[in-house]
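Q: Sequence first, predicted model second:
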Amino acid sequence: MKQGTQGSAGTGFPSLSQGLEARAGAESAGTGSGTARVPSQGRAPGGAPGVDAGRGVSASASAPTARGEHTHSETPIPRPRAVVQRASVRGQILDALRTALVTGELTPGAVYSAPALGERFGVSATPVREAMQQLALEGAVEVVPNRGFRVVERGARELAELVEVRALIEVPVMLRLARTVAPERWAELRPLAEATVRAASTGCRATYAETDRTFHRAVLSLCGNEQLVQIADDLHRRAQWPLVSPARPSTRGHADLVADAAEHTALLDALIAGDVDVVRALVGEHFAGAR
C-alpha cells in the first residue's frame with residue numbers, strides 16, 4: 001500500500017470494499033431491498049405543499065386523516081428512515097476501517113483523506129469523515145488539519161501498558177465469576193470459545209480479533225457491570241492494532257492466534273469445573289502472551 005497525504009489514486013482497499021458490499025448484501029437479504037427510499041408526499045389537500053417524509057414530519061401534516069382517527073392530541077411521530085440509512089453506512093465504513101487497522105491495510109504513520117477513502121468505498125466523504133472522527137476518539141488515528149487523518153504509530157510499550165490495564169480489570173472479575181457463576185452458564189459460552197478456534201485456524205487476523213473480543217465480552221458480561229464491559233472492550237480493541245516496532249513483528253502470526261484460541265477453551269473448561277487455581281494460572285498466561 002502506498003502512503004501519501006491523500007492516498008494514491010491507484011491504491012485501493014479491495015478487501016474493505018468487498019466486506020462493505022457483503023454487509024450491505026446481507027442487510028438487503030433481510031429487508032428485501034438494498035436501499036429504501038423515502039418518497040415525497042406531494043401536495044396536501046387544500047393546496048398546501050406536501051412535506052418530505054425524510055424530514056421527520058408526521059404523516060398527518062401531509063396526508064388526509066383517515067376516518068375514525070383522532071390526531072389532534074397525539075404527538076407527531078418522526079420518520080428517521082433516511083437518518084438510519086446514513087448511520088448504517090457510517091457503521092459499515094467504521095467496521096471496515098477497524099478491520100483495516102487490525103490487518104495493517106491502513107498503514108501506521110500514513111495520512112488518508114476522507115474524500116479519497118470515500119471514493120474507494122463508493123460513498124461520499126461525510127460518512128467516512130464521521131467514521132474517522134470516531135476512530136480519532138478511540139485513539140486509532142489523529143486529525144491532520146487540511147490533510148485528513150494519520151494512523152497512529154504504536155510501539156511495544158503502549159501495548160504492554162494496554163495489556164497491563166486489561167489484566168487489572170479482567171483478572172479479578174474472572175476470578176470472582178469463577179467462584180460465583182454456575183457451570184451451566186459457563187457451558188453456554190462454549191460456541192463462542194469454539195468460534196475463536198475456527199477463526200484462528202483461518203489465519204485471518206480481522207476475523208479472529210472480532211471473535212476474540214466477543215468471547216471476552218461474553219465472559220465479563222456475567223458480572224452485570226456494563227460500564228466495565230465497555231471499558232474492557234475498548235482497551236481490548238486498541239490492543240489488537242498492529243505494532244510499529246523494530247523489536248518485534250507488527251502483527252501476530254498464525255501460530256500465535258491458534259495458541260491464544262486454545263487458551264480460551266482451556267479457560268472455559270476450568271471455569272466449568274470451578275477450579276479457581278487453574279483459572280488464575282490460565283488468565284495470567286493469557287495476558288502475558290498478549291504483551
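A: Now that the structure is in, tell me what you want to look at.

Q: make it CA atoms for all contacts and neighbour counts henceforth
A: Will do.

Q: wait, is residue 142 part of a helix?
A: No. Per DSSP: H, G, I helix; E, B strand; the rest coil, residue 142 lies outside any helix segment and is strand.

Q: That one and residue 150 touch, don't they?
A: Yes. Between residue 142 and residue 150 there is a contact under CA atoms under 8 Å: 5.3 Å.

Q: More neighbours: which of those two?
A: The neighbour count for residue 142 versus residue 150, taken as other CA atoms under 10 Å, is higher for residue 150 (22 against 19).

Q: Contacts only, for the more buried one.
A: By CA atoms under 8 Å, 6 or more residues apart in numbering, the residues touching residue 150 are 108-112, 141-144.

Q: Let's test this: mean pLDDT of stretch 163-176, rounded?
A: Here stretch 163-176 scores 95 as its mean pLDDT.

Q: try stretch 119-133
A: 92.

Q: buried sites along stretch 162-172?
A: 162-164, 166-167, 169-171 (16 or more other CA atoms under 10 Å).

Q: Tabulate the residues you listed (a markdown table), appending distance to residue 218 and secondary structure.
A: Converted to a markdown table, those look like this (distance: CA to CA, whole Å; DSSP: H, G, I helix; E, B strand; the rest coil):
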| residue | distance to residue 218 | secondary structure |
| --- | --- | --- |
| 162 | 20 | helix |
| 163 | 19 | helix |
| 164 | 20 | helix |
| 166 | 15 | helix |
| 167 | 16 | helix |
| 169 | 15 | helix |
| 170 | 12 | helix |
| 171 | 14 | helix |
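
Q: Distance to residue 177 added to those, as JSON lines?
A: What follows is these, written out as JSON lines (distance: CA to CA, whole Å):
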{"residue": "162", "distance to residue 177": "22"}
{"residue": "163", "distance to residue 177": "20"}
{"residue": "164", "distance to residue 177": "20"}
{"residue": "166", "distance to residue 177": "16"}
{"residue": "167", "distance to residue 177": "15"}
{"residue": "169", "distance to residue 177": "13"}
{"residue": "170", "distance to residue 177": "10"}
{"residue": "171", "distance to residue 177": "10"}
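
Q: Counting neighbours, what do you get for residue 141?
A: 24.

Q: got it, and residue 288?
A: Other residues near residue 288 come to 13 when the count uses other CA under 10 Å.

Q: which element is it on?
A: helix 276-289 (DSSP states H and E).

Q: elements contacting that helix?
A: Where contact means 3 or more CA pairs under 8 Å, 6 or more residues apart in numbering; DSSP states H and E, helix 276-289 is packed against helix 156-180, helix 254-273.

Q: and the closest residue to residue 254 other than its chain neighbours, what is it in contact with?
A: The spatially closest residue to residue 254, leaving aside those adjacent along the chain, is residue 203, at 5.1 Å (CA to CA, 6 or more residues apart in numbering). By CA under 8 Å, 6+ apart, the contact set of residue 203 is 253-254, 257.

Q: I'm done for today, thanks for sticking with me.
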